[in-house]
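[1] Kindly generate the corresponding structure for this input.
(chains A and B)
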Amino acid sequence: MQKIISYGPEAWNLLQGVFCVYKPFDMTMSHLRKVLIGNLTRDLNMLEPRPALPHIVIEGNTAEDLVVVKKENYADHPLVIGPRYQADDYKLSYAIHLHKNISGVCLMGVNRGTKGTLVARAGRLIRSYSLGGRLGMATNTGYFDAKVVTKSTYHHVTKARLLKTLMHIQGGFQQSAFHFLGLDPQSQAAYEAMSAEGLVRPGEKSPPLVYNIKLVEFSSPDFTIEVSCINENGEFLQHLVHKIGLQLKTNAVCTQMRCVRYGPWTLQHALLRKHWTLKHIIDNVSVCNPLIKDITPKSPSLQHVGSESLDNSIPR
Amino acid sequence: MTFILRRGGSLLRSSLIQRPAVTFLQRNSSGNAATDQHQEKALILQGPLDDTSLDCHPKSEEIYDAVVPIKKKNDALSIAKEEELFDVAPEIRPTFNLAAYANKSHTLQQMVKLGVNLTRWERDQEFSTYILKQDFEDLKQHIIFLNDVGVVADDLGRWLSLNPHIFRESIDDLQVRINYLISKKFQESQISRIVMHNPKWLLHSTVEIDSKLGFFQRTFKLTNAEVRLLATKQPKLITHDLNLIKKRNFSVLEEMGFSTDEMKSLLLSKPKLWMLHGVSLMRRFDYIHNQIGFTHTQIVDFPKVLMSRDFRIKERHKYLKLIGRDQFDPSKPNYVSPDSLVAGDDAEFCTNIAKTPVKDFNNFLKTL
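    Numbering: from 1, shown residues only, chains lettered A, B, ... in the order given. Alright, predicted model coming up:
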C-alpha cells in the first residue's frame, strides 16, 4: 500500500520513531548523525512548504475608517528567514554509541522516537557481532591498521585448538555472569538460578558479558567469530580477539567488527548509506518502531523464575 | 515637552538610532493665524501627562473629536502630511535577522522578488546595516551592469546572495575590470561564464587578477589560450588562496608522484582538484594507486576517479574483487577503466560493470 506525500509537515509528522541504519566502517557516530540530519533536511525542504503566515495590516486615515489589509508576508518568506526545515529542528539519538571501526546495525531514534532508543538501551538487549581476526601479529590498539607491536608464528593453530579456546573463554564469561547476580554460590537460590530458563542479564553498569562465541570461518591466519554479548564496546571486542590470540600462544588482531543483530533488529532492517533518504527512513520507521513494544525484559536479572520463595531471596 | 516626528519613509533610519518610543504633539498656543502661510490640519494625540498639567488639558473624549489647525514650522520636525501620522507604531528594536525589516523595507522586498537569499546577507552584520539604508533605485545600476555582463535575470538571486558586496564597488571600477579581460582577449561568452560562476571575481582589482593569472601561467607553463581556458573552465580557482594552490602542487608532484606535464594535464582537465580537501584527496589517491593499482598514466587519462569519495571507490573495488571482475589492465579483456569504476549510481554500475543484480551488491555492502 503506497501513499504519496507532497506536503512537508505531513512527512514531518511521519518522521517519528526508531529506525535502523547500517553504520559504515570508519565513520564516527557524530558524523553519522550529521549526515542523516543533512539528508533529512535536504529531502524535507524539497517537499511543498507550509504557506507563509498572513501579514495583516491596519492602515488608513485614523480620522476616518481604518482598513484591514492582508499583505504578502515577506517576514515569513523562506528566502528571508531560511528554509522551513533546519538542522536544529531535529532530535536524533542513537541507542548505543558504536566505535568508529564498528559497522553494522545501529538503532537511531528521530523526534518522538528518541524515547524509543532510551527504552532499547534500558532493555539491555543482546547484540551479536561478527568479528574478523588475523593471527600472527599484535598492534597497540588491537586493530589491524594500528602500529604493529608483536609478530609471532601461528602455524600451530588448528581449527580444533581454536574451538577449544573459544569454549574456554565462553566458560569464563559464564562464571562471571553468575557473579554479577550477587548470590552465594553454595546457596539453593544460586542452584535455582543456574537451572532457570533464560539468560542472566546484569544491570546497565556491568562490565561486558559474552553469552556465546561461535566460530564461523577459519582459513589460517584469518578467522571469523560470531559473538553475542551485552554492555560491550569497541575496545572490549578488540581486546577479546587479542585474548583469543594469547590463549592460542600466538597473537591476533581484529580486522573487522560488524554488528549483525541488536535485539529484534537485524541486518535486514538496516538501511544502507545510499538509502539514507526521507522516503526510506519513514518506511523503515514503520517497520522498526513496532518492535519496541516487545523488548522490555520481564524481570531484571532472570527470566521465568519458578517458585515464589525465590522472589524474596534474589537481590535485585 | 518635546516632540519627535517620524516620517513614513525614514522609519528605518530612525529605528537604528535610539529614540524614545512614544510620539506626541504640542499644541501651538500662540495661534498666529495671520502669519501662517500654510495651515495644516492635524489631530492632537494625548501623550503621557504630568500631574501638573492635568488642569490645562481637556478631557480625553474631546481630544479625539477636535481638529485643530496648527502653525507650520520650517524645520525638519514639523508635520508635512497627515498621512505620516497614520502608521504610528513602536520602532523596530535591534534584531539579529533581516526578517524584522522585511515587511517595511522596499529594498529588501525587491531583493526577495529577484530571488536573493537574505539569510546569507544577514550573517554579515555590517553589510546588513548598510543595505537597509540603501534605496533600491541606487542599487538598480549595479543590477543593470550585471545583466549587461551576462548574469541572466533568473540567476541574479543566486548571484547577489553570494556576492552582495558588489553594490559597494563603483561601476567605473567594475567596468575597468571587465575591460581588462577584454584586453586579454577573453570572448564575451567567456567573460559571462567567469562572472556567473565566480561572483567574487569582480571584487578583485585588475592588478590582483593579473598577478594571479600570471602565477598560473608561470607555474604550469601555460600558453595564453590555456590560461583563458583555465579561467573559463574554473573561474573560482583563479581567486583561490595561493598558499593552498602551492600546497596542492607540492602534493601532486611530490606526494603523488606525477610529472610536471602530467600535473599540467590534470590541471586543464580537472582544475577542481586544486580546490578539494587535501587529506581526503591523498587518501583516495593512495587507495587508487596502491591498492587498486591504477598507474599515473591511467589516472591522468581518467581524472574523474580522483573526484569520487573514497568509500564509493572502496565498495565497488572490493565487490569487483569478490566476483572476480577486478581487471584494471587495458591490454586484457574485460577492462574496467577508472572512470567507469566511479561513474553512475549503483544500479548502472551493477548492470554495466559488475553484471550482477543490485541486490547482490547490497548484500555485499552489508558484509563490509
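[2] Okay, now the unreliable bits of the chain?
    Using chain A. A:181-183, A:185, A:193-200, A:203-204, A:296-316 (pLDDT under 70).
[3] To clarify, I was referring to chain B.
    For chain B (pLDDT under 70), the answer is B:1-87.
[4] how much space is there between the residue of it found nearest chain A and residue B:339?
    For chain B, the residue closest to chain A is residue B:102, as judged by Cβ to the nearest Cβ, at 3.8 Å. C-betas here are computed from N, CA, C, even on glycine. Note on residue B:102: its distance to residue B:339, by Cβ to Cβ, to the nearest Å, is 47 Å.
[5] Between these two, tell me which one has more neighbours.
    The neighbour comparison of residue B:102 against residue B:339 (other Cβ atoms under 10 Å in any protein chain shown) goes to residue B:102, with 22 against 15.
[6] wait, isn't that one in contact with residue A:79?
    No. At 9.4 Å, residue B:102 and residue A:79 do not qualify as touching, with contact defined as Cβ atoms under 8 Å.
[7] who touches both of those two?
    Listed as contacting both residue B:102 and residue A:79 by Cβ atoms under 8 Å, 6 or more residues apart in numbering or on different chains are B:112, B:118.
[8] How about residue 115: what's its closest non-neighbour residue?
    In the absence of a named chain, chain A is used. Once flanking residues are discounted, residue A:115 sits nearest to residue A:109: 7.2 Å by Cβ to Cβ, 6 or more residues apart in numbering or on different chains.
[9] sorry, should have said chain B
    Looking at residue B:115 with Cβ to Cβ, 6+ apart, the closest residue is residue B:157, at 2.3 Å.
[10] Could you check how many residues crowd around the one you found?
    Using other Cβ under 10 Å, residue B:157 is surrounded by 17 other residues.
[11] Quick one: residues contacting the nearest residue to the residue of chain B closest to chain A once chain neighbours are set aside.
    Leaving aside its sequence neighbours, residue B:102 sits nearest to residue A:74 (Cβ to Cβ, 6+ apart; 3.8 Å). Residue A:74 is in contact with A:55, A:80, B:99, B:102-103, B:108-109, B:112, counting by Cβ under 8 Å, 6+ apart.
[12] Can you add secondary structure and distance to residue B:144 and give these back as CSV?
    Shown next, in CSV, are the contacts of residue A:74 (DSSP: H, G, I helix; E, B strand; the rest coil; distance: Cβ to Cβ, whole Å):
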residue, secondary structure, distance to residue B:144
A:55, strand, 30
A:80, helix, 24
B:99, helix, 28
B:102, helix, 24
B:103, coil, 27
B:108, helix, 19
B:109, helix, 19
B:112, helix, 19
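[13] pretty sure residue A:36 contacts residue A:108?
    Yes. Counting by Cβ under 8 Å, residue A:108 is a contact partner of residue A:36 at 7.0 Å.
[14] joint contacts of those two?
    A:21, A:92.
[15] and those two? which has more neighbours close in?
    residue A:108 (27 against 21).
[16] how close does the residue of the stretch 1-150 of chain A found nearest chain B get to residue B:103?
    Closest approach between the stretch 1-150 of chain A and chain B, counting by Cβ to the nearest Cβ: residue A:74, at 3.8 Å. To residue B:103, residue A:74 is 5 Å away according to Cβ to Cβ.
[17] what residues do these two have in common as contacts?
    A:55, B:109.
[18] Could you tell me how many residues sit around residue 230?
    If you meant another chain, say so; for now it's chain A. Around residue A:230 there are 20 residues (other Cβ under 10 Å).
[19] please go with chain B instead
    Counted with other Cβ under 10 Å, the neighbours of residue B:230 add up to 20.
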